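*Asks:* got a predicted model here, sequence first, then my questions.
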Amino acid sequence: MNPINNSNRTNPAQTSEVTANSALGLKNEFLQMMVAQIKNQDPLNPLDGAEYVSQLAQFSMVEGIEGLRAGQAGQAEMLYTQQVLQSTALIGTTVLVPSTGIAAKQGEQPSGVIRLDSAADEVTLTVKDLNGKVINTQIWKYPESGDIAFEVPALDEGSYVFDVEVRMGSQVLNGAPLLSREVEKISLPKTGSDIQLSIAGMGSVSLFSISEFGKTIS
């Protein structure tokens, strides 16, 4: 797992503190100026207090908005930290990843599911090598909506393409299966981009592209 680099990350609590202090400083400066003007006002031509009250209300409103923003930034940081902690626990677990291909190890038997939103007349899974040679074909007649579990016979080491064809009447749809793969490591971004999972035989994918966690295909 890559170490977390905090050099480019800004602490929202520190940022909000500086901003809040700046607004508070302006408000205090205004109050001091107001007190000084009241002390030195012409008794025959007193200052209009309503204007000062209005300006004080505006300062208070700005402080409230800055406080709200600081709270939101703090919540976002807490949520990101929680995602990081939870994602590290995924190492070594099995996930379902939508993909049309993998790099298989010698003797590996890839498994997964084909997810149907509605019933179909026929579903075909075709596995090919990079030369286009068909390695395995599986066909399901009149499947209902839901998941169709599959397992491919042992493969030689190499890269393979998985193609799903769904027939519904005269309509033919092509898609990708959800392959059951192991999470090997976690990559934590320096900025606010997605947490990346290193998936066996696939490389890096976004945490949010995973369809299901802890899925075992039997």
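*Replies:* Received it, and whenever you're ready, just let me know what you need.
*Asks:* for Met1, give me the pLDDT.
*Replies:* At Met1 the predicted local distance difference test score is 38.
*Asks:* could you list the domains of the protein?
*Replies:* The record, using automatic domain parsing to delimit domains, assigns the chain the ranges 12-88, 98-181.
*Asks:* worst mean pLDDT among those domains?
*Replies:* Set side by side, the domains of the chain give their lowest mean pLDDT on domain 12-88, at a mean of 63.
*Asks:* just the helices in the protein please.
*Replies:* For the chain, applying DSSP state H gives helices covering 12-39, 49-88.
*Asks:* list the buried residues in stretch 89-96.
*Replies:* Within stretch 89-96, the residues that count as buried by 16 or more other CB atoms under 10 Å are 90, 94-96. Every residue, glycine included, has its C-beta placed from N, CA and C.
*Asks:* give me the distance between the two termini of it.
*Replies:* 16 Å (CA to CA, to the nearest Å).
*Asks:* with stretch 165-174 instead?
*Replies:* First-to-last distance for stretch 165-174 - CA to CA - comes to 5 Å.
*Asks:* next one: stretch 180-200
*Replies:* Using CA to CA, the gap from the first to the last residue of stretch 180-200 comes to 10 Å.
*Asks:* gap between the two ends of stretch 152-166?
*Replies:* With CA to CA as the measure, stretch 152-166 spans 18 Å from end to end.
*Asks:* bridged to Glu165, which residues?
*Replies:* With DSSP bridges as the criterion, Glu165 is bridged to Thr124, Asn174.
*Asks:* is it true that it touches Ala120?
*Replies:* No: contact status for Glu165 versus Ala120: not in contact, 9.9 Å apart, counting by CB atoms under 8 Å.
*Asks:* quick one, which of these two is more surrounded?
*Replies:* Regarding Glu165 and Ala120, a neighbour count based on other CB atoms under 10 Å identifies Ala120 as having more, with 22 against 15.
*Asks:* residues contacting that one?
*Replies:* Shown in contact with Ala120 (CB atoms under 8 Å, 6 or more residues apart in numbering): 142-143, 166-168.
*Asks:* select only the buried ones of the residues you listed in PyMOL?
*Replies:* One line in PyMOL is enough to select the buried members of the contacts of Ala120, burial here meaning 16+ other CB under 10 Å:
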select buried, resi 143+166
